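Novice: Give the three-dimensional model of this entry:
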Amino acid sequence: MHRRDLLKKSALLLPATMGVRADVTAHLWQDYEFGAGPPVRERLNQGPFDVDQDQGWQTVLFTTPSERPLRNPGLGLVGYSWEESGPSLAARAGRETIEQHVEKISSLPFVDVLYIRCDWRNVQSRPGRLDLDPVWQLTLDAAKRKGLRVAFRIQLSNTSFQPERVALPGFLHDRVPLVNIGSIPGSGGGVYREPRYDHPEFQKAFIELNELLAAQFEGNPLIEWMDLMQYGFWGEGHTSNFPNPFLDFLTAERTFVAMTERQLETWNRTPVAVNTQPDISNVGNRTIVDMAVRAGAWLRSDSIIVEEPIQIEELANRPPWLAAIMEDGYYRQYDIQKLKLDAAGVNELENYILHVLDLKANYWSLWTEADNLAGYNEKFPRGFDRLRANLGYRLRPSWIWQRKRYGTSELVVCISNRGVAGVPGVLWLQLESPDQKVHLRGALDAGHPHGSGLRQAAFLLPKGYHGRVLLSAQLEIRPGIKRPVAWACDQPLNADGSITVDLKSDDDRGWRKGV
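Specialist: Residues are numbered from 1 along each chain as shown. Just a heads-up that it's a prediction; the model follows:
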């Protein structure tokens, strides 16, 4: 097939409205305008709460921050049931079964999310249906039993098994051309092969894959996020120092912008994450990341110390309503025998771990080795302890004031965030009477309260209501999809996660006025 004919045919499967977009210019993310974030419905009054109507007020509740670990949506430590090379080393060597591996990694007390990173061939072996590797059901079952969540990435390309195997399922081998892009170091003549992503057969199969995955997992409450299926090695948006397999930059950008757009349009109820890899392979990454961020996609990076300055700046200055997912593969085995201590007595991996908080991240990846992870945590507990006490967001009602306003009572709630990251979405607050006859709710602005920040909001109670109310929170992680949030305070909570607020009567002696 001639290259020009191939390009003409591939264009038929790309959206007619797309056209070729100009590449996004490099820019600082700090103070950059990415839009207002997710839409906020039923927005609460968020101040200022001045004393222009000074009829009386008092502080009716104040809480202290708890450092206990919480399994809230949008944050956590991530154990891998499968990474790009497979399950645990023991399972790969036959010393344990896949079932044993998944049970061990999911049983670690500090694991919050289970993650599957596998090839396309591990989820589909024939057109028209998914054929999920057994690790999928094992992972989903373990998550359901243990109160965990699941995230995944389907790799369209993977170097781990080349030159013997590529990531594509077998039924595409004769349909999609593979391009030799360079010699594999130390392979005795083997070469890396990349598919022609713009080929009509690849595009047709990719569209089907995206739809099949969404039909099974889109909106599934067990699924925490899905990594966008991106270009190149491990789906990270690059092919290292090797060339890409496209005819030119415009073809590459057009192809991957279209593929990204399809995924963003399809996955509306489940968060998606985009890799922040710089565009070293000339496939349009800046455009893809920009459009993904504007669509509410989370960010991720696959290293934290050996990382380009631009990615650190992007991750640290991302819009506050977006989560950040961090990993690093250099010490993925958590082998304490291989860790050096620096002059301060800090092991090298712990230094990596604590940089996660510098980036105000939400997730840190633990990889596959359950036994080593348990041993590492026993010998060096500080790293995981600090992450679990600070990672992501940690919310509590720091102050609640009751004010006499408009012939009734107004509650002004001040939510404190002791975590490093903003709220990844929109936070909803709810006030209910114990008998549920009074039910008030509303939302804060997207991302609020920011990391280490405060946000105030007010509820106007029905006239004549006295007694107590219950305050609870939910995270709208995608438009219309809400998950309960546990308060991070020392004070006791109710069985449903709410905290009780005792209201004051009109004749209470604690009212303050003219102060």
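
Novice: What's the local residue count around the closest residue in space to Gly284 that isn't next to it in sequence?
Specialist: Residue nearest to Gly284 in three dimensions, not counting chain neighbours: Glu253, with 3.0 Å by C-beta to C-beta, 6 or more residues apart in numbering. All C-beta spots, glycine's among them, are computed from the backbone N, C-alpha and C. Using other C-beta atoms under 10 Å, Glu253 has 23 other residues around it.

Novice: Give me the pLDDT value at Glu253.
Specialist: Confidence at Glu253, expressed as pLDDT, is 96.

Novice: gap between Lys146 and Lys104?
Specialist: The spacing between Lys146 and Lys104, counted by C-beta to C-beta, to the nearest Å, is 12 Å.

Novice: who's more crowded, those two?
Specialist: Lys104 (22 against 16).

Novice: mind listing what's buried in whatever helix or strand the more buried one lives in?
Specialist: Taking DSSP states H and E as the criterion, Lys104 maps to helix 98-107. Of the residues in helix 98-107, those buried by neighbour count under the rule 16 or more other C-beta atoms under 10 Å are Ile98, His101, Val102, Glu103, Lys104, Ile105, Ser106.

Novice: list the contacts for the second one?
Specialist: In other words, His101. Each residue near His101 by C-beta atoms under 8 Å, 6 or more residues apart in numbering is listed here: Ser81, Pro87, Ser88, Ala90, Ala91, Thr368, Ala370.

Novice: ok, it to Leu373 distance?
Specialist: 12 Å.

Novice: and what of Ser303?
Specialist: In this structure, Ser303 and Leu373 are 19 Å apart, going by C-beta to C-beta.

Novice: More neighbours: which of those two?
Specialist: Relative neighbour count places Leu373 above the other of Ser303 and Leu373, with 22 against 16, counting by other C-beta under 10 Å.

Novice: and the host helix or strand of the more buried one with helix 98-107, angle?
Specialist: Leu373 is located in helix 370-379, with elements delineated by DSSP H and E. For helix 370-379 against helix 98-107, the angle by axes from the mean of the first three to the mean of the last three C-alpha atoms, to 10 degrees is 20 degrees.

Novice: Helix 370-379: how far from the chain's middle?
Specialist: 25 Å (C-alpha atoms, centre = their mean, to the nearest Å).

Novice: go on, stretch 356-364?
Specialist: If you compare the mean C-alpha spot of stretch 356-364 with that of the full chain, they lie 11 Å apart, counting by C-alpha atoms, centre = their mean.

Novice: Now do it, average pLDDT.
Specialist: Across stretch 356-364, the average pLDDT comes to 98.

Novice: Looking only at that stretch, what residues are buried by neighbour count?
Specialist: By neighbour count with 16+ other C-beta under 10 Å, stretch 356-364 contains the buried residues Val356, Leu357, Leu359, Lys360, Ala361, Asn362, Tyr363, Trp364.

Novice: And stretch 456-470, by the same measure?
Specialist: Gln456, Ala457, Ala458, Phe459, Leu461, Val469, Leu470.

Novice: just curious, which of those residues is nearest to Pro484?
Specialist: Leu470 (12.9 Å; C-beta to C-beta).

Novice: which ones are touching the residue nearest to the closest one when sequence neighbours are not counted?
Specialist: Using C-beta to C-beta, 6+ apart and skipping the chain neighbours, the partner closest in space to Leu470 is Ser498 (3.9 Å). By C-beta under 8 Å, 6+ apart, the residues touching Ser498 are Gln430, Glu432, Leu470, Leu471, Ser472.

Novice: ok, now how distant is the third one from Asp496?
Specialist: For Leu470, the distance to Asp496 equals 8 Å [C-beta to C-beta].

Novice: host element of Glu224?
Specialist: For Glu224, the host element (DSSP H and E) is strand 223-227.

Novice: same for that strand, what does it pack against?
Specialist: strand 149-155, helix 200-217, strand 272-275 (3 or more C-beta pairs under 8 Å, 6 or more residues apart in numbering; DSSP states H and E).

Novice: now the angle between strand 149-155 and it, please.
Specialist: Taking the same axes, to 10 degrees, one finds strand 223-227 and strand 149-155 inclined to each other by 20 degrees.

Novice: just how off-centre is whichever helix or strand comes after strand 223-227 within its chain?
Specialist: Tracing the chain C-terminally past strand 223-227 and defining elements by DSSP H and E, one meets helix 249-266 next. Centroid displacement of helix 249-266 relative to its chain, using C-alpha atoms, centre = their mean, is 21 Å.

Novice: Just the CA coordinates for helix 249-266, please, in PDB.
Specialist: Listed next in PDB are the C-alpha coordinates belonging to helix 249-266 (Å, rounded to 0.1, in the frame of the first residue of the first chain):
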ATOM      1  CA  PHE A 249       3.700  16.000  12.600                       C
ATOM      2  CA  LEU A 250       0.300  17.200  11.400                       C
ATOM      3  CA  THR A 251      -0.800  13.600  10.800                       C
ATOM      4  CA  ALA A 252       0.300  12.600  14.200                       C
ATOM      5  CA  GLU A 253      -1.300  15.500  16.000                       C
ATOM      6  CA  ARG A 254      -4.600  15.100  14.000                       C
ATOM      7  CA  THR A 255      -4.700  11.400  14.800                       C
ATOM      8  CA  PHE A 256      -4.200  11.800  18.600                       C
ATOM      9  CA  VAL A 257      -6.300  14.800  19.000                       C
ATOM     10  CA  ALA A 258      -9.200  12.900  17.400                       C
ATOM     11  CA  MET A 259      -8.500   9.800  19.600                       C
ATOM     12  CA  THR A 260      -8.300  12.000  22.700                       C
ATOM     13  CA  GLU A 261     -11.500  13.800  21.800                       C
ATOM     14  CA  ARG A 262     -13.400  10.500  21.400                       C
ATOM     15  CA  GLN A 263     -12.300   9.300  24.800                       C
ATOM     16  CA  LEU A 264     -13.200  12.600  26.500                       C
ATOM     17  CA  GLU A 265     -16.600  12.500  24.900                       C
ATOM     18  CA  THR A 266     -17.200   8.900  25.800                       C
END
